[in-house]
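Q: sequence first, then the predicted structure, then my questions.
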Amino acid sequence: MTDIFAKVIPTARDASMSDSEWKARQELACAYRLFDHFGWHELIYNHITVRVPDTPYFLINPFGLRYGEVRASNLVKIDVEGQIIGESAYSVNPAGFIVHSAIHAARPDAHAVAHTHTTAGQAVACHKGGLLPLSFTSMFYTDAIAYHDFEGITLDRSERERLAKNLGSKSLMILRNHGLLACGPSLAHAFLDLYHLQRACEVQVVAQAAGEAMLLRPPPEAAVRSALQHRVAMDRGLEPAMAFAAMARMMMEKDSTFLQ
C-alpha cells in the first residue's frame, strides 16, 4: 500500500511536513473516499481520525466538505483540546472533536478512530439487544462490543470521560440510538472491523424483518470461538493491511487526486 501511494507526486505537500505525517494523511484521505464509496457518510458530518505519528496531534476532516472532497492536503491537524495546529482554511466540527478526542486521549493504542451514522448501524443501535450473534460476521464480535448510552448531540466535553470509560479496552462501540464506532492500532484495523460490524448490522436488520420466531441462533460456544478466531487474525495485522491495500487500489483506479 505504501508503495502505491509513493507513486503519486505530492504536489500539495507542505515542504516542512514529515514523511510519516504525509503518509498518514494519504491513508486517511483514502479512508474518507472509501467511506464515501460505501455510502457511510452523513452529508458533511461524521469523522474518521488518525494520530499523527510521534506527536500528540491527530488529523480530522475539514468541516463543511463532503467525504468525496477530502484530500491529504486539506485534512486538519488538531490537538486533544480541539485547537487547530498550523494553518488551515477550515474549521472542525465540535461534535467530532468530542467523540474522537475522548478515544485518542484515553487510548494510546488507538491510532485511528472511525464513527458512522449508517442506517443499519443506527437501527441496531436502537435495538435493546444491540448486536446479536446471528450472522457469520456478527459472531466475530461476541462479547467484544462496548455500549454508550445516548446523551444528546456530543457537544459536552464532560461526556468524553464517559465515552472512554464505556469503551474500556475494546475496539468497537455501539453508541446507543446513535451509531457505530471503531478504533484500532492502524487505520486498516479500524476500517476492517467497522466494515465487518456494518455488514453484521445490515444482516441483522434484514434477518429480524422476518420476525424473532424465525431467527436461527448458533450455539454460544460457536459464537465465542468465532470471535477468538477473528481477533487472532486481526491482531496479526496481515489481513487488515491486505484488505485496506486492496481498497486503496480500487479508489486509486477511480481517482487518485485525493492523495494530493
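A: In hand now; what should we look at?
Q: please make it C-alpha for all contacts and neighbour counts, starting now.
A: OK.
Q: centroid-nearest residue for this structure?
A: With distances taken as C-alpha atoms, centre = their mean, residue 114 lies nearest the centre of the chain, 2.0 Å away.
Q: that residue in helix, strand or coil?
A: Secondary structure, DSSP: H, G, I helix; E, B strand; the rest coil: residue 114 is strand.
Q: settle this for me: it is touching residue 47, isn't it.
A: Yes: proximity of residue 114 to residue 47 meets the contact threshold set by C-alpha atoms under 8 Å, at 6.2 Å.
Q: now do the same contact list for the residue nearest to the centre of the chain.
A: Residues counted as contacts of residue 114 (C-alpha atoms under 8 Å, 6 or more residues apart in numbering) are 47, 48, 49, 181, 182, 183, 190, 191, 194.
Q: for the stretch 101-250 of the chain, which segments count as helices?
A: 119-125, 159-167, 187-208, 220-236, 238-254 (DSSP state H, counting those that start in this stretch).
Q: and those helices as a markdown table, adding mean neighbour count and distance to residue 31?
A: Converted to a markdown table, the helices of the stretch 101-250 of the chain look like this (neighbours: other C-alpha atoms under 10 Å; distance: least, C-alpha to C-alpha, whole Å):
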| stretch | mean neighbour count | distance to residue 31 |
| --- | --- | --- |
| helix 119-125 | 22 | 18 |
| helix 159-167 | 18 | 22 |
| helix 187-208 | 21 | 8 |
| helix 220-236 | 15 | 18 |
| helix 238-254 | 15 | 8 |
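Q: nearest to residue 103, of the ones you listed?
A: helix 159-167 (5.7 Å; C-alpha to C-alpha).
Q: now the closest one: how far from the chain's centre is it?
A: 17 Å (C-alpha atoms, centre = their mean, to the nearest Å).
Q: chain neighbours aside, what residue packs nearest to the residue nearest to the centre of the chain?
A: Excluding the flanking residues, the one nearest residue 114 by C-alpha to C-alpha, 6 or more residues apart in numbering is residue 48, at 4.3 Å.
Q: and the strand or helix carrying the one you found, average pLDDT?
A: Using DSSP states H and E, the element containing residue 48 is strand 47-51. For strand 47-51, mean pLDDT is 96.
Q: now the angle from that strand to strand 112-116?
A: Using axes from the mean of the first three to the mean of the last three C-alpha atoms, to 10 degrees, the inter-axis angle of strand 47-51 relative to strand 112-116 is 180 degrees.
Q: contact partners of strand 47-51?
A: 24, 28, 31-32, 57-61, 96, 100, 104, 111-116, 187.
Q: what pairs with that strand, parallel or antiparallel?
A: Note on strand 47-51: by DSSP bridges, its sheet partners are strand 58-60 (antiparallel), strand 112-116 (antiparallel).
Q: of these, which is nearest residue 84?
A: strand 58-60 (9.7 Å).
Q: in that closest one, what counts as buried?
A: Buried residues in strand 58-60, defined by neighbour count with 16 or more other C-alpha atoms under 10 Å: 58, 59, 60.
Q: contact partners for the second one?
A: Shown here is residue 59, whose contacts under the criterion C-alpha under 8 Å, 6+ apart are 25, 49, 50, 51, 52, 75, 76, 77, 78.
Q: now swap in the first one and tell me
A: Taking C-alpha under 8 Å, 6+ apart as the contact definition, residue 58 lies against 49, 50, 51, 52, 77, 78, 79, 80.
Q: which residues of the stretch 51-200 of the chain score low on pLDDT?
A: For the stretch 51-200 of the chain, no stretch is flagged by pLDDT under 70.
Q: show me where it has its strands.
A: 58-60, 76-78, 112-116, 145-148, 172-175, 179-184 (DSSP state E, counting those that start in this stretch).
Q: residue 211: neighbour count?
A: 9 (other C-alpha atoms under 10 Å).
Q: ramachandran coordinates for it?
A: The phi and psi torsions at residue 211 (degrees, to the nearest 10) take the values phi 100, psi 150.
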